[in-house]
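In: Structure for the following, please:
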Amino acid sequence: MCAWTAAFLLLVVCASAASGPGAVRTEVQLVGFGSSFGPANVRPVPSRSGVDSFSITGNVVGLFPGKTLPLVLSVSNRRSFAITVTSITTTVGNPSSRCTAKYLKVTTFAGHLRVRAKKTAKTTVKVTLSHAAPNACQKAVFHFTYHGRATVR
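Out: This next block holds a predicted model:
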């Protein structure tokens, strides 16, 4: 049995908030940037109020054709207020020209993951490597990009 690996990615997701007199901050719009090559390549986008962000990391090891495994996503909230993550989507990069991302499927998180101020919470999605994955995918490293949405109450 061969071991299949998917590398993890640190992604900072930036928020934009309502501003102005009487504005109530109720929802955070999130845009994500990142690279599986580490946090040095993460480019947060500032909002009007500065950089409000949370990070998403996760990895999976041991995939083989037809196998579904859990991908545990850690959501870290560096802010001084709690957030509720309502969705996380994952984009998969191509490991090579002969082993493309079309062979790997990742489910979307949709729900309510509360992350307290300055804390980390976890949720799980599923990753499946297709039965049709070619031999070129053996020991391939799939790079993930995460995008999330959260609300602040």
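
In: tell me which residues in stretch 105-119 are buried?
Out: If you call a residue buried by 16 or more other CB atoms under 10 Å, then stretch 105-119 has these buried ones: 106, 109, 113, 115. (Glycine included, C-beta is placed from N, CA and C.)

In: Name the residues linked to the closest residue to the third one other than its chain neighbours by a beta bridge.
Out: Which is residue 113. Setting aside the residues directly before and after it, residue 113 is nearest to residue 85 in space (CB to CB, 6 or more residues apart in numbering), at 4.2 Å. Taking DSSP bridges, one obtains residue 113, residue 150 as the residues bridged to residue 85.

In: unless I'm mixing things up, residue 85 is touching residue 146, no?
Out: No: the pair residue 85 and residue 146 does not pass the contact test of CB atoms under 8 Å, sitting 10.6 Å apart.

In: sorry, back to before: can you give me every residue that contacts the residue nearest to residue 113?
Out: Taking CB atoms under 8 Å, 6 or more residues apart in numbering as the criterion, residue 85 is in contact with 54, 75, 109, 112, 113, 114, 115, 121, 123, 148, 149, 150.

In: If we use 6 Å, what do you get?
Out: Going by CB atoms under 6 Å, 6 or more residues apart in numbering, residue 85 touches 75, 113, 148, 150.

In: If we only consider those residues, which is nearest to residue 92?
Out: Of all the contacts of residue 85, residue 148 has the smallest distance to residue 92: 16.0 Å, by CB to CB.

In: Export the contacts of residue 85 as a markdown table, with columns for pLDDT.
Out: Shown next, in a markdown table, are the contacts of residue 85 (pLDDT from 0 to 100):
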| residue | pLDDT |
| --- | --- |
| 75 | 88 |
| 113 | 94 |
| 148 | 85 |
| 150 | 85 |
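
In: ok, of the residues you listed, which one's closest to residue 90?
Out: Of the contacts of residue 85, the one sitting nearest to residue 90 (CB to CB) turns out to be residue 148, at 10.0 Å.

In: Perfect, I'm done here.
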